[in-house]
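S.K.: generate coordinates for the sequence data below:
(one chain, ligands or ions: 1)
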Amino acid sequence: MTAVPQITLNNGQSIPQLGFGVFQIEPKDTVEAVSTAFQVGYRHIDTAEMYGNEKEVGEAVAKSGLDRADVFVTGKLANDAHRPDDARRAFDASLEALGFDYLDLFLIHWPLPTKYDGDFVSTWQTLEEFYREGRARSIGVSNFQPHHLRRLHEASEIIPAVNQIEVHPFLTQDDVRAFCAEHQIAVEGWSPIGQGAVLDDPAIGSIAERVGKTPAQVVLRWHIQRGDIIFPKSVTPPRIQENFEIFDFELSDGDVAEISALNKNQRTGSDPDKFDMV
Ligand code: NAD
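M.R.: Here you go, the predicted model:
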């Protein structure tokens with residue numbers, strides 16, 4: 001099995017390009033799912049306060065016997081905690097739930113441009129504090145559009161290490177990805193298989209048949225070859241394994257282009273300019 005590639009972020013930290021996402025994994029199933037992921041070889045876990053399973057992610061890390069330094073864990077700020085004092089409390093609470101003294105990466109989960117008088121800049125400046133204290137080894141954002149990122153650039157010192165956005169063959173996000181590439185912001189693609197929606201596409205099916213892989217493996221490989229960081233979610237052990245076995249084959253440039261051409265700007269999740277759930 002070929003090792004998972006590491007991506008170097010704009011501050012020199014490395015992140016495994018393939019991780020394991022835990023959105024919509026019930027707390028009661030989380031220790032088992034994350035433990036299975038560790039056994040398979042995943043070393044990068046993507047969680048969030050909003051997922052309600054930070055405590056169980058921390059338990060799985062503790063139970064794994066792995067060194068904390070060998071596991072990359074991402075957390076995200078609760079949407080109801082954007083004001084600086086609330087953000088400080090929420091960050092402390094996440095570390096406590098996980099049982100960690102630092103997070104590898106901490107993100108603003110949503111820009112919430114219609115809340116907090118449109119101010120996500122003071123929230124970002126609070127994450128800069130966590131970074132300077134060393135309690136967040138890297139900081140970034142999620143669901144930020146280029147116009148949100150431009151506002152951060154104007155008013156802050158640290159460029160986000162990542163922008164975590166919805167990306168899959170039906171939503172290729174060319175504009176946001178180009179902006180991020182230009183500004184040395186790594187792209188993390190959430191819902192990398194569109195929560196399953198892209199798997200029945202005939203073009204993906206025929207490439208999968210030709211290369212002798214499953215549609216999920218072909219789509220995950222497409223992300224890897226485009227250079228994005230991904231963390232598919234599953235609670236089913238054979239799928240957790242399947243989603244990891246994507247480093248023993250390669251798609252041709254033509255296959256990558258054919259999959260990218262499936263784009264229809266179709267979101268499975270919310271529009272970041274409108275999302276306002278706190
Ligand atoms: P995903 O694209 O990873 O799809 C997950 C679903 O696809 C699973 O529930 C399962 O039903 C199915 N699946 C998984 N592997 C499969 C396989 N090999 N074959 C067939 N079906 C398979 O969707 P996701 O969970 O929404 O996204 C992945 C991760 O991204 C999340 O767990 C979370 O960590 C992150 N995320 C972040 C945000 C954000 O706002 N930042 C939003 C959504 C998700």
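
S.K.: alpha carbons only: can I get the helix or strand containing E154 in PDB?
M.R.: Assigned by DSSP states H and E, E154 belongs to helix 146-155. C-alpha atoms of helix 146-155 as PDB (Å, rounded to 0.1, in the frame of the first residue of the first chain):
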ATOM      1  CA  PRO A 146     -13.200  34.700  -2.600                       C
ATOM      2  CA  HIS A 147     -14.900  38.000  -1.500                       C
ATOM      3  CA  HIS A 148     -14.900  36.700   2.100                       C
ATOM      4  CA  LEU A 149     -11.200  35.800   1.800                       C
ATOM      5  CA  ARG A 150     -10.400  39.200   0.300                       C
ATOM      6  CA  ARG A 151     -11.800  40.900   3.500                       C
ATOM      7  CA  LEU A 152      -9.600  38.700   5.700                       C
ATOM      8  CA  HIS A 153      -6.500  39.600   3.600                       C
ATOM      9  CA  GLU A 154      -7.200  43.300   4.000                       C
ATOM     10  CA  ALA A 155      -7.700  43.200   7.800                       C
END
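
S.K.: G194 contacts V167, correct?
M.R.: No: judged on C-beta atoms under 8 Å, G194 makes no contact with V167 at a distance of 9.4 Å. The C-beta positions use only the backbone N, C-alpha and C, and glycine is treated the same way.

S.K.: so between the two, which is more surrounded?
M.R.: V167 (23 against 20; other C-beta atoms under 10 Å).

S.K.: and the more buried one, what are its phi and psi?
M.R.: In terms of degrees, to the nearest 10, the main-chain angles of V167 are phi -140, psi 130.

S.K.: stretch 97-105 vs the ligand: in contact?
M.R.: No: judged by C-beta under 6 Å from any ligand atom, stretch 97-105 makes no contact with the ligand; its nearest approach is 11.7 Å.

S.K.: quick one: that stretch to chain centroid distance?
M.R.: Relative to its chain's centre, stretch 97-105 lies at 16 Å (C-alpha atoms, centre = their mean, to the nearest Å).

S.K.: can I get that stretch in PDB, CA atoms only?
M.R.: As requested, the backbone C-alpha atoms of stretch 97-105 are provided in PDB (Å, rounded to 0.1, in the frame of the first residue of the first chain):
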ATOM      1  CA  ALA A  97     -13.900  17.600  24.900                       C
ATOM      2  CA  LEU A  98     -11.100  16.100  22.800                       C
ATOM      3  CA  GLY A  99      -8.700  15.800  25.700                       C
ATOM      4  CA  PHE A 100      -6.000  17.600  23.700                       C
ATOM      5  CA  ASP A 101      -3.700  20.500  24.500                       C
ATOM      6  CA  TYR A 102      -3.600  21.600  20.900                       C
ATOM      7  CA  LEU A 103      -5.500  21.100  17.600                       C
ATOM      8  CA  ASP A 104      -3.600  20.600  14.400                       C
ATOM      9  CA  LEU A 105      -6.000  22.800  12.500                       C
END
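
S.K.: next, the buried residues of that stretch.
M.R.: Across stretch 97-105, burial judged by 16 or more other C-beta atoms under 10 Å covers A97, L98, F100, L103, D104, L105.
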